[in-house]
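Novice: Here is the input, now give the coordinates:
(one chain, ligands or ions: 1)
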Amino acid sequence: MSIPTSFIDQLLDQTDIVDVVGRRIPLNKKGSNFWCQCPFHDDSNPSLAVNQDKQFFYCFVCQESGNAIHFIRRYENLEFVDAIETLASAAGMTVPYENNRLEKSKPSGLVEKAVKFYQGNLNEKTASKAVEYLKDRKITGATAKKFNIGYAQDKWDGLLNHFGSDIPSKELDESGLFSRKDDRFYDRFRGRVIFPIRNIKGDFIAMGGRIIDEGEPKYLNSPETSFFNKSNELFGLYEVKEREKNIASLIVVEGYMDVIGLYEHGIKNAVATLGTAVTPNHVSKIMRYTNKIFFAFDGDLAGGKAAWKAVENTFPIIREDINIHFVFFDQGHDPDSYINEHGLKAFQKLLDESISLSSYFLSKVKEFNLETLEGRAQAAAFAIPIVNKINNSVIKEVYANEISKLCGMDIKTMDASSRPEIRKAESDNAMRSSSNTPVRVKAVINIFSALLAFPAIANESVFDELKDDPKFNFLFVILDLYKEMPDIKPSRVIESLESEQIKGYFSEAVVAGLELSEKNALKLVNDCMDILLKNQKDREQSLKDKYNVRSITPAERRDLQQIILKKEEITDDDRDWLKKLSSKQD
Ligand SMILES: [Zn+2]
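Specialist: This is a model prediction of the structure:
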């Protein structure tokens, strides 16, 4: 599947980057930009500028830059498609996927056929044990139908024979429905109740199977395939979304039997992870559809661990408008068994009495002996790395204050760690200054500013003088883009650039947002071109001096040759120089 570019353009048109960033990090308007602390490096000042006109952000320290899609991708650590889904959902738009036969992530049609086959099996006499199991779990026919529950007979080739011999091995292999030994395929799911798994669009993409008789493993899922990624999918999410357009809240549970058991009792907004802990991808996906989340994990050690994992994976992307709560069950209970034993009202009471993310986190900190200095130090050592994961500066500050109070120390003095991002930013800056003089850099940025204000300047002949200098290829890439598409968005221009350094300069120009009249813009370009060209002349002289005094490097030799060769008029003196430079020795 792919997403048409026209949709991406439309999405960017209907999305305001100020809104996208502002919902995650508080922004302050100053001059023509909004500013915040940059989430992509360890920032202490507001270094990230968000420009509403250009729909663009840029960090003056780490130089991260881009449009709303890029921001979401980096901030929530998402794949491109997931970032589009997140923005589309916020804008109330549905992503139109194009079926592209070459694309390998298209769900295999075999999975849907298998779902129908297994569902049909449930009506057969051979399924009596499966039916008994479902009755035992108090699952009615209507619910079984709603979730497309089926039965895989205890045979090695039930599904294989149903498919017949026409299907290519490759397709059987890629469906995830079969195991393979040597060259023979056999049914992966045997003697199991089948719970089909759908993606958010409703396509069947995988199965979960619960064994009926004795046997291992008790639960078996499809393996990961090109269209099924466990750490990305949530069982039941499609079903909730199908029924409720605006989802008030979601309950995250550990197993599909919990989702189905709760559904049976009237709790129809539960979703389950598929045999994995809650991943950042899960959290980001859930936050896309609701702003109230309950994590309801089993009342055992594993459930406790799962809850903690959810805390860790939620902190980086937590927002002020998201409400997260935790529900805990008595030892030995899970959501399904609890509602079966105590009923709907008791379960709803548990939801009402659930504890908030912050209370849960602080309760963990309070488990240390805060009466003693050692205990407080341990508590701080435990809490600081977790609080540091929070990207939202306001929420981070609130947590930091709370931890400081509990541990009796100012934890802000302790979090100035040497994170790798800082080093990266510093080295980027070093690279910046070593290869170009500040004047030259400023000239390039000013030319960009003028172009951003008046794209028609791209057609001016003043740039031609740099045309033969390969160092300025980037400028002509940009000029060509503006000549072809005067309305091009800055983020598209940046996508077309190869050099990170030039991307940074262009981004700086975008957020600088210089207010220029057309006349001044042209003058600015001419002045800047003079600086760049004068720089060329200076360079010619300094290389010649260097040649005369001592030897020059092969790269410098080529550079000097280029400078002379691209002159409009070549003098006798130039010819002498070319001769000297092309002779092998010295
Ligand atoms: Zn930054």
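Novice: Next, give phi and psi for residue 365.
Specialist: phi -70, psi -40 (degrees, to the nearest 10).
Novice: Retrieve the pLDDT associated with it.
Specialist: The model reports residue 365 with a pLDDT of 93.
Novice: Please tell me how far it sits from the ion.
Specialist: Remark: distance between residue 365 and the ion (CB to the ion, to the nearest Å) = 29 Å. Backbone N, C-alpha and C define where each C-beta goes, glycine included.
Novice: so what's that residue up against?
Specialist: 379, 382-383, 403, 406-407 (CB atoms under 8 Å, 6 or more residues apart in numbering).
Novice: before we move on, what about residue 343?
Specialist: By CB under 8 Å, 6+ apart, the neighbours of residue 343 are residue 265.
Novice: Could you check the pLDDT of it?
Specialist: 95.
Novice: follow-up on the earlier one: of the contacts of residue 365, closest to residue 159?
Specialist: Lowest distance from residue 159 to those (CB to CB) belongs to residue 382, with 49.5 Å.
Novice: I'd like the contacts of residue 365 laid out as JSON lines, including pLDDT and distance to the ion.
Specialist: Below are those laid out as JSON lines (pLDDT from 0 to 100; distance: CB to the ion, whole Å):
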{"residue": "379", "pLDDT": "92", "distance to the ion": "30"}
{"residue": "382", "pLDDT": "91", "distance to the ion": "27"}
{"residue": "383", "pLDDT": "92", "distance to the ion": "25"}
{"residue": "403", "pLDDT": "92", "distance to the ion": "24"}
{"residue": "406", "pLDDT": "92", "distance to the ion": "30"}
{"residue": "407", "pLDDT": "89", "distance to the ion": "29"}
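Novice: Looking at the residues you listed, which two lie furthest apart in space?
Specialist: 382 and 406 (11.0 Å).
Novice: Pick out whichever of those two has more residues nearby.
Specialist: residue 406 (18 against 15; other CB atoms under 10 Å).
Novice: how about the residue positioned nearest the centre of the chain, phi and psi?
Specialist: For the chain, the residue nearest the mean C-alpha position is residue 78 (1.6 Å; CA atoms, centre = their mean). Taking degrees, to the nearest 10, you get phi -110, psi 160 for the backbone angles of residue 78.
Novice: any weak-confidence spans in this protein?
Specialist: 1, 99-107, 412-436, 584-586 (pLDDT under 70).
Novice: Which positions in it make contact with the ion?
Specialist: Residues of the chain that fall close to the ion, judged by CB under 5 Å from the ion: 38, 40-41, 59, 61-62.
Novice: how about the residues you listed, which pair is most distant?
Specialist: 40 and 61 (9.0 Å).
Novice: Now do the closest residue to residue 94 other than its chain neighbours against the ion, distance only.
Specialist: Nearest in space to residue 94, with sequence neighbours left out and distances taken as CB to CB, 6 or more residues apart in numbering, is residue 88 at 6.7 Å. Per CB to the ion, residue 88 is found 26 Å from the ion.
Novice: Which helix or which strand is home to residue 88?
Specialist: helix 80-90 (DSSP states H and E).
Novice: How far away from the center of its chain is the next helix or strand after that helix?
Specialist: As assigned by DSSP H and E, the chain's next helix or strand after helix 80-90 is helix 109-121. From the chain centre to the centre of helix 109-121 is a distance of 33 Å (CA atoms, centre = their mean, to the nearest Å).
Novice: following helix 109-121, which helix or strand shows up next?
Specialist: helix 128-136.
Novice: okay, the next helix or strand after that following helix in CSV with CA atoms only?
Specialist: On the C-terminal side of helix 128-136, the closest following helix or strand by DSSP H and E is helix 141-146. Once non-C-alpha atoms are left out, helix 141-146 reads as follows in CSV (Å, rounded to 0.1, in the frame of the first residue of the first chain):
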residue,chain,number,x,y,z
GLY,A,141,-22.8,-17.0,19.6
ALA,A,142,-23.3,-13.3,18.8
THR,A,143,-20.0,-12.3,20.4
ALA,A,144,-18.2,-15.2,18.7
LYS,A,145,-19.6,-13.9,15.4
LYS,A,146,-18.6,-10.3,16.1
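Novice: buried ones in helix 141-146?
Specialist: 143-144, 146 (16 or more other CB atoms under 10 Å).
Novice: Outside of it itself, list whatever touches it.
Specialist: 122, 134, 149, 239, 260, 263-264.
Novice: which residues of the stretch 451-586 of the chain fall in strands?
Specialist: With DSSP state E, counting those that start in this stretch as the criterion, the stretch 451-586 of the chain has no strands.
Novice: So which residues of it form helices?
Specialist: 473-484, 490-495, 500-512, 518-549, 554-565, 572-582 (DSSP state H, counting those that start in this stretch).
Novice: Tell me how many other residues surround residue 319.
Specialist: Residue 319 has 15 nearby residues by other CB under 10 Å.
Novice: do residue 548 as well
Specialist: 8.
Novice: Go through the contacts of helix 141-146 and say which is closest to residue 574.
Specialist: For these, the nearest to residue 574 is residue 239 (77.5 Å; CB to CB).
Novice: Which one (most neighbours) among the contacts of helix 141-146?
Specialist: residue 260 (25 neighbours).
Novice: and that one, what element?
Specialist: Secondary structure (DSSP H and E) places residue 260 in helix 256-264.
Novice: I'd like to know which of the buried residues of helix 141-146 is nearest to the ion.
Specialist: Among the buried residues of helix 141-146, residue 146 lies closest to the ion (CB to the ion), at 47.4 Å.
Novice: How much space separates that closest one from residue 248?
Specialist: 20 Å (CB to CB, to the nearest Å).
Novice: List the buried residues in stretch 451-469.
Specialist: 451-455, 457-458, 460, 463, 466, 469.
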